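*Asks:* using only what follows, build the 3D model:
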Amino acid sequence: TANRLRFSLSELRKQLEPEGVVPSSVLDATRTGYVRLRSEAVWCDVIALEAALRRGDLAEVARLGTGTLLPGFYDGWILAERERFTALQEDLPAPVSNLRLHPLELPGYLTRFFGREWELTALLARLETSRLVTLTGPGGMGKTRLSRELGRSWQETGRGAVVFVPLAELVEPAGLVRQILGALQLSEPVGGDALTALKNAVSNSPLLLILDNFEQLVTGGGGELVKQLLGALPGARCLVTSRRVLDLPGEAEFPLQPLPLPDAMALLTDRLAAVRADFQPVGYETDLEGLCQDLDGMPLALELASSRFRLYSLSELRQGLAVLERPGGRHTFKERHGSMHAAIAWSWNLLTPQRQRLFAALSLFRGGWTVASASELLQEPGVAEGIESLLMD
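*Replies:* Below you'll find the model as predicted:
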């Protein structure tokens, strides 16, 4: 019997461990006659299917559970195993309808959208080649509005569903997945894993996640969580709007620039006419152009200026831009966009005290500066490294 066992093991090794395979890496045979296959060396669809059933991985179950266990055989143990797998499948949650067939309604605006045609085209092209694109820029540059317009174009051109996830009120990255589930109108699993529930709901559906106002979540591990999200959702792409980059491998940054003068003037004229129906731009071209240049083509500043048009003339607005620093006027912005002071303070409060001191020192320059001139003026160690950090922040 021992000779037969040795012969059988030898033949098995020839099949399972041919030349070039490390001996005993597949077949484990001890001196006591214990023989087994090493689990790390083999893969079995039935074992993988059972593991997917137990963890509730609907996408993996759909991929593996495509037939009957050992069809054509009716031994007692086989029938019992079939019944066991059926019971496991009955315990799974029902799958969510395909998101491609039920696009979600994106938040809308009552005001007209001006310019950004090039940015829309370029962003759509960037998302075709990069699964993670971060739309960056200071507060008030129009990142949120542009992301929503892009989401609308994404859906209208049949690229897949779009989920817009507002994050300005979220302070802990741990709540990110719950926020996404809420945007999808899905309930968070009781006692379950939110990421697994999201993966089961979305599966491999083509999906664009728009994560809006992400900057306060970057330093708390939010970037790593986005990486996990994209790993769990192979059909998803992610557009992040943020005042700072996530600093992840494969991330494509898209810095948003001020509006060109013609677009800025068109936006300002439209908003002024909404405040005063009798307003006509004819004869005011110089003031309109000057105000757009004074405000650097920043959409938020133009909106805030137009909201004061009931009380101030265009020339008075140009001479008293300090009114934009305080809240008020006819605007519908969140508190962080209620004034230019609030918009800047939101970014300022995200900086460490050391970075705040450096940023304040750089305000001494007028008309720009270089790393060399800043280092010479401040006479502090680590100025260059600090400036690099500010660019990331």
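
*Asks:* wait, doesn't residue 196 sit right on residue 60?
*Replies:* No: the criterion here is Cβ atoms under 8 Å, and residue 196 misses it with residue 60 at 11.0 Å. Just so you know, the C-beta spots here come from the backbone N, C-alpha and C atoms, and that holds for glycine as well.

*Asks:* so residue 120 lies in a helix, does it not?
*Replies:* Yes: Residue 120: assigned to a helix according to DSSP: H, G, I helix; E, B strand; the rest coil.

*Asks:* please begin residue numbering at 54 from this point
*Replies:* Right, with 54 as the first residue, what we last looked at is residue 173.

*Asks:* hmm, it is touching residue 199, no?
*Replies:* Yes: in terms of Cβ under 8 Å, residue 173 counts as a neighbour of residue 199; the distance is 7.2 Å.

*Asks:* ok, the two, which is more surrounded?
*Replies:* When neighbours are counted by other Cβ atoms under 10 Å, residue 173 and residue 199 differ, and residue 199 comes out ahead with 23 against 16.

*Asks:* the more buried one and residue 207, how far apart?
*Replies:* 12 Å (Cβ to Cβ, to the nearest Å).

*Asks:* show me what contacts residue 340?
*Replies:* The neighbours of residue 340, taking Cβ atoms under 8 Å, 6 or more residues apart in numbering as the test, are 367, 368, 371.

*Asks:* ok, residue 422 next?
*Replies:* If you count contacts by Cβ under 8 Å, 6+ apart, residue 422 has them with residue 415.

*Asks:* for stretch 405-418, list the C-alpha coordinates in CSV.
*Replies:* Listed next in CSV are the C-alpha coordinates belonging to stretch 405-418 (Å, rounded to 0.1, in the frame of the first residue of the first chain):
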residue,chain,number,x,y,z
THR,A,405,-2.2,74.9,9.4
PRO,A,406,-1.0,77.9,11.5
GLN,A,407,2.5,77.6,9.9
ARG,A,408,1.0,77.8,6.4
GLN,A,409,-1.3,80.7,7.5
ARG,A,410,1.8,82.7,8.6
LEU,A,411,3.5,82.0,5.3
PHE,A,412,0.5,82.9,3.3
ALA,A,413,0.1,86.2,5.2
ALA,A,414,3.7,87.0,4.6
LEU,A,415,3.4,86.5,0.9
SER,A,416,0.6,89.1,0.8
LEU,A,417,3.3,91.7,1.2
PHE,A,418,4.1,91.3,-2.5
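
*Asks:* and that stretch, how far out from the chain middle?
*Replies:* Its chain's average C-alpha position is 29 Å from that of stretch 405-418, according to Cα atoms, centre = their mean, to the nearest Å.

*Asks:* with stretch 423-432 instead?
*Replies:* Relative to its parent chain, stretch 423-432 has a centroid offset of 36 Å by Cα atoms, centre = their mean.

*Asks:* cool, and stretch 363-371?
*Replies:* For stretch 363-371, the separation from the chain centroid amounts to 40 Å (computed by Cα atoms, centre = their mean).

*Asks:* now stretch 317-326
*Replies:* Averaged over its C-alpha atoms, stretch 317-326 has a centre that lies 31 Å from its chain's centre (Cα atoms, centre = their mean).
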